[in-house]
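> Predicted coordinates and the sequence they were generated for:
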Amino acid sequence: AADKINLIPQDFFAELCEQIIQHLNHKIPGVNTAELCQRMQTSGIEIDAGDLAKIANVISFLFSTAASNNLSTEELVTTLGNAVNALPKHAVQVIRHVWNEQGKSISVSEDAKNVATVGQFVDIKWKLGVAMSSDTCRSLKYPYVTVTLKVADPAGQITDKSFEMTVPQFKNFFRQFKEMAAVLETV
């Protein structure tokens, strides 16, 4: 990951680190590496989303491990300096700054360490479509609903999950959501 971090300018790396800290503090559901990668590519930086996601995982692991070991800023920087694949100087400076400013705010409870995590819902989008025809049928006029869920996985990576439903499937989906809402009202 160290060689890939070299590709990332300091301002983008700082933004990535700050998003990771916010995610670890449960202020945001995850780090949107796809959006950050797109902005970086628009700026002329050649990096792919998979590499950026790996870097985010490494930095997230670094911060969460430092928090669980109650490392000071100097202890963290010394540990980074002793690593076999030393990080670029600009990355260490950013990590030092972000950890010094916000690192102590990361709360690592014993319960959080022992609980298996699951993904977190971020957003939902839907659209209604009608299939007009296909190569085997000239007149379909078949309605369907496309749903896209934006989900943050336990590591904080945000991904989109899309699926299509027929109208009867959508009505069943909606009915189940109404049932969940009714149960939540009783809590």
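Ah, there it is.
> Tell me the spacing between T166 and Y142.
Noted for T166: a distance of 8 Å to Y142, by Cβ to Cβ, to the nearest Å. In this view, the C-beta of every residue, glycine as well, is placed from N, C-alpha and C.
> ditto for N172
Distance of N172 to Y142, computed by Cβ to Cβ: 18 Å.
> can you check A49 too?
From A49 across to Y142, the span is 34 Å (Cβ to Cβ).
> Find the residue ranges of the protein scoring beneath the pLDDT cut-off.
Applying pLDDT under 70 to the chain flags residues 1-2, 83-85, 107-118, 155.
> Would you map out the domains in it?
With domains defined by the TED database, the chain comprises 1-114, 118-185.
> Go ahead and report the secondary structure state at E46.
coil (DSSP: H, G, I helix; E, B strand; the rest coil).
> Correct me if wrong: it contacts L7.
Yes - using Cβ atoms under 8 Å, E46 and L7 qualify as a contacting pair, with a distance of 6.9 Å.
> For those two, indicate the residue with more neighbours.
Comparing E46 with L7 by other Cβ atoms under 10 Å, the one with more neighbours is L7, at 16 against 8.
> how about that one, secondary structure?
Per three-state DSSP, the secondary structure class of L7 is coil.
> List the contacts of F170.
Contact partners of F170, counting by Cβ atoms under 8 Å, 6 or more residues apart in numbering, are V145.
> What separation do you get for it and T146?
10 Å.
> joint contacts of these two?
When contacts are counted by Cβ under 8 Å, 6+ apart, F170 and T146 are jointly contacted by no residue.
> Quick check on I55: phi, psi?
Note on I55: its backbone torsions stand at phi -60, psi -40 [degrees, to the nearest 10].
> okay, now it: neighbour count?
Tallying neighbours of I55 according to other Cβ under 10 Å, which is how burial is gauged here, yields 22.
> In contact with it, which residues?
Remark: with contacts taken as Cβ under 8 Å, 6+ apart, I55 is in contact with A1, K4, I5, I8, L16.
> Which positions within stretch 8-27 qualify as buried?
Residues 8, 12-24 are the ones in stretch 8-27 that count as buried (16 or more other Cβ atoms under 10 Å).
> Pull the distance from it to the chain's centre.
When distances are taken as Cα atoms, centre = their mean, to the nearest Å, stretch 8-27 is centred 11 Å away from the chain's centroid.
> What lies in contact with it?
With contacts defined as Cβ under 8 Å, 6+ apart, stretch 8-27 is touched by 5, 28-33, 36, 39-40, 43, 45, 47, 52, 55-56, 59-60, 63-64, 67, 90-91, 93-95, 97-98, 102-103, 105-107, 152, 156.
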